[in-house]
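Enquirer: What follows is a predicted protein model with its sequence.
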Amino acid sequence: MKTVLVTAFEPFGGESINPSWEAVRALEGKETGGARIVARQLPVVFSDVLGVLYAAMDEVEPDLILSVGQAGGRSDITVERIGINVDDARIADNAGQQPVDEPIVADGPAGYFSTLPIKAIVAAVRAAGIPASVSQTAGTFTCNRVMYGLLHRLHSQGNRVRGGFVHIPYLPEQAAQHPGAPSMSRDNVMQALEIAIRVSLESDTDLKIAGGATH
């Protein structure tokens, strides 16, 4: 049976929960699309997060990797198109680190495109009655660091495994503390992530677009 590694983050920025982890940890051990899901939590710490991700990749040896993060203020499931080679933190991470305009990989390409079938995922999630869209920016915080670092490693290994990133809204209990902010239920997020996994496993799209973006 194939294995899917799904990662999510610990709480940060004063939040007591992170919706990505609340959804992803509930998927641990589930089977979907003929594959078993393995969930791992990542720290919101610039200096540590890629080491934890890479250790999980080495341990699990997955056939697909889907990383998930919180995007408070967004109203739908947003499938990221590209990770860019910069850390530029608006707030400090959970270790007090706040890099400004620093490269993730010295002399690395400007960006890497997701190797997930992003538009097919969006279409399938929408068909299930869940709002979704393609996002053109994963930001410049630890979510983007994970997306770029993940794709950089997969590219260096010949892109034999698909990988990408999905941002999700606040959960309702978080949005209640941020008046006017949109939210989405954990059940809907879980359903959307399972759809993303199935569509990615079924896709036969060429992986060549995964190469580094240079401009």
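Expert: Great, that's in hand.

Enquirer: What average pLDDT does the longest helix anywhere in the chain get?
Expert: Taking residue count as the measure and DSSP state H as the definition, the longest helix of the chain comes out as helix 186-202. Across helix 186-202, the average pLDDT comes to 98.

Enquirer: helices and strands around it, which ones?
Expert: For helix 186-202, the contact count by 3 or more CB pairs under 8 Å, 6 or more residues apart in numbering; DSSP states H and E identifies strand 2-9, helix 19-25, strand 31-32, strand 35-42, strand 64-70, strand 77-80, helix 118-127, strand 162-168 as packing neighbours. Yep, even glycine has a C-beta here, placed from its N, CA and C like the rest.

Enquirer: what separates it from the chain centre, distance-wise?
Expert: Going by CA atoms, centre = their mean, to the nearest Å, the spacing between the C-alpha centre of helix 186-202 and its chain's C-alpha centre is 12 Å.

Enquirer: what do you get for stretch 45-64?
Expert: Between the centre of stretch 45-64 and the centre of its host chain there is 13 Å, according to CA atoms, centre = their mean.

Enquirer: Tell me the buried residues in it?
Expert: With burial defined by 16 or more other CB atoms under 10 Å, the residues of stretch 45-64 counted as buried are Val45, Phe46, Asp48, Val49, Leu50, Val52, Leu53, Ala56, Met57, Pro62, Asp63, Leu64.

Enquirer: still on that earlier bit, format the helices and strands packed on helix 186-202 as a markdown table; extra columns: mean pLDDT and distance to Asn188.
Expert: Supplementary listing: these in a markdown table, determined by pLDDT from 0 to 100; distance: least, CB to CB, whole Å:
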| stretch | mean pLDDT | distance to Asn188 |
| --- | --- | --- |
| strand 2-9 | 98 | 16 |
| helix 19-25 | 98 | 9 |
| strand 31-32 | 96 | 15 |
| strand 35-42 | 98 | 17 |
| strand 64-70 | 98 | 13 |
| strand 77-80 | 98 | 8 |
| helix 118-127 | 98 | 9 |
| strand 162-168 | 98 | 9 |
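
Enquirer: Can I get these in TSV including distance to Tyr148?
Expert: Listed next are the helices and strands packed on helix 186-202 as TSV, based on distance: least, CB to CB, whole Å:
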stretch	distance to Tyr148
strand 2-9	14
helix 19-25	17
strand 31-32	27
strand 35-42	14
strand 64-70	11
strand 77-80	10
helix 118-127	16
strand 162-168	9
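
Enquirer: Which of the buried residues of stretch 45-64 fall within strands?
Expert: Per DSSP state E, strands hold the following members of the buried residues of stretch 45-64: Leu64.
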